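Asks: Show me how the following folds:
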Amino acid sequence: MKVVRTALKRRAAGLDWHNGKKSLQGVRENVYELRYTHSCRVLVQPKSGGLVIVDLGNHDVTARYAELTTGRRAQLIAERTPAPRGFTEDHPLFDEFDEATFTSKDVLTGWAEFLSDEQLALADLIHEAVLTTDRGAQPMIAYVRGGAGTGKTALLLSLALRLHDARLKPDFRCSPPVAKYLSAHTRVNVKRIQRDAASPGDVILIDDPQSPNIVTTAIAQACLVGTRAVVVGFDPLQWPLKSLDAHLDAMPQPDIDEVMRNCYRQSAALARQATAVVRRVHERSSFRVDPMRIQAERRILADLSTQYLTGLHYTRRGGRFKIRDSTVADVAEEAGRLRERPDLWQDLPALLILEDRAHGVALQSVVKKLRGGIKTQTSALEDAASYRGLDFQSVWIFMHRAFYERVQNGATGLKGAEWTSLLNLHIPLTRARDETILFLVD
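Replies: Here you go, the predicted model:
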């Protein structure tokens, strides 16, 4: 998510913790730390009613800055650059905290929301289209398509803020897990941007719908009640449907149809290895039997993969994908490795554990104890709805070895549930930012 909270407290000198947030203290230049995308930091300084960026980096950037000499800090200040247009502070749609200004000597609390240049340009385009659409006519329809981690949710939230400022009523629709995540971990006041089903408001914003039918139904509702616009952010590869191309062709034609290609979640090396697994499923398995129809379907999946998976540009390097046995020693080694990370998330789940319960996999109590000290979410592998749209530092998948071999070897003529389980692997394999560990269970 690109929504960030600042909770900073300045004192005499050094670094300290305040309300669970690392803060920069004793810096004469009045530089403050904003935390965004959970593991990254941006150091900013107020100027002329706005913000300028002093430095960007991972969790270490604050400590590195505090250790600089006065002269080097002055050089960074001189080289600072204005914050992007999408970088704003304080908005009524977010939960309220103690009021303070950037000139406060004690506590700075507030909100900031950041969009990349790609996201901001698209948000500008859709916002202008919404404002120039006449209410009562056919609703303006915008599709924001993009692979996992391209910032579709962040863009829709940004639009919700702008529409609220323009005195329009946004109706932000997302899955219950995402709404819970936003409320609990980013403190977005989701209730302020959601409407009653019978009164959808002026603009419907749909985040990651679970099927094309949800989109079609919402647009039909918008036509009936005179909603001004419907904006949908989705990744077609997360729809595990037979004949996916036919479902996409049946969706209402949009006025704006844009694809985002920059991925801000997964590290590049991790993404490449995860992509290889998804490609293997597409190339070796099918619910069809006829060879000609299988080949036609695989060409369609290859085209979609190019758009929403292999064709993405990754902003973060590195990443780790490893296949291991599920012995206590193997799990303990990975747990220790993760626990020792200096940037381990503490205020939201750093680890997603997925159990292949459909094939009889459930963690033993001794394995569960090994994750102690790591904030964790545990779900069934097949229950993709419980974790789609969320991101974690690490994902552990405990998969039955026979299912893994099915992925490797492939099969055709699969039943609906079997085909869905294979296609759905795209979702868990794109949740991790830094590492995915596949534990094979006999």
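
Asks: The host helix or strand of residue 171 packs against which elements?
Replies: Using DSSP states H and E, residue 171 maps to strand 170-173. The contact analysis (3 or more Cβ pairs under 8 Å, 6 or more residues apart in numbering; DSSP states H and E) places strand 170-173 against helix 152-165, strand 203-207. From N, CA and C alone the C-beta is placed, and that goes for glycine too.

Asks: Check the ones you listed for me and report the most buried one.
Replies: Most buried of these by mean neighbour count (mean count of other Cβ atoms under 10 Å) is strand 203-207; its value is a mean of 25.

Asks: quick check: angle from that one to helix 152-165?
Replies: Counting by axes from the mean of the first three to the mean of the last three Cα atoms, to 10 degrees, strand 203-207 lies at 160 degrees to helix 152-165.

Asks: contacting residues around strand 203-207?
Replies: Residues outside strand 203-207 that contact it (Cβ atoms under 8 Å, 6 or more residues apart in numbering) are 130, 152-153, 156, 159-160, 163, 168-175, 178, 193, 214-215, 218, 221-222, 227-234, 389.

Asks: Just the buried residues of these.
Replies: For the contacts of strand 203-207, a neighbour count by 16 or more other Cβ atoms under 10 Å gives the buried set as 130, 152-153, 156, 159-160, 163, 168-175, 178, 193, 215, 218, 221-222, 227-234, 389.

Asks: could you say which helix or strand contains the residue of the chain positioned farthest from its centre?
Replies: Within the chain, the residue lying farthest from the chain centre (Cα atoms, centre = their mean) is residue 71, at 38.4 Å. Residue 71 belongs to helix 70-78 when assigned by DSSP H and E.

Asks: chain center to that helix: distance?
Replies: Distance, stretch centre to chain centre, for helix 70-78: 34 Å (Cα atoms, centre = their mean, to the nearest Å).

Asks: Could you list every helix and strand in contact with it?
Replies: strand 50-58.

Asks: Helices of the stretch 101-250 of the chain, residue ranges please.
Replies: 117-131, 152-165, 176-181, 212-225, 244-249 (DSSP state H, counting those that start in this stretch).

Asks: Which stretch among those helices approaches residue 442 most closely?
Replies: Among these, the nearest to residue 442 by Cβ to Cβ is helix 176-181 (30.7 Å).

Asks: average pLDDT for the closest one?
Replies: Average pLDDT, helix 176-181: 88.

Asks: in the sheet, who's paired with the closest residue in space to residue 374 that isn't next to it in sequence?
Replies: Spatial nearest neighbour of residue 374, excluding adjacent residues (Cβ to Cβ, 6 or more residues apart in numbering): residue 351 at 5.1 Å. Per DSSP bridges, the residues bridged to residue 351 are residue 376, residue 394.
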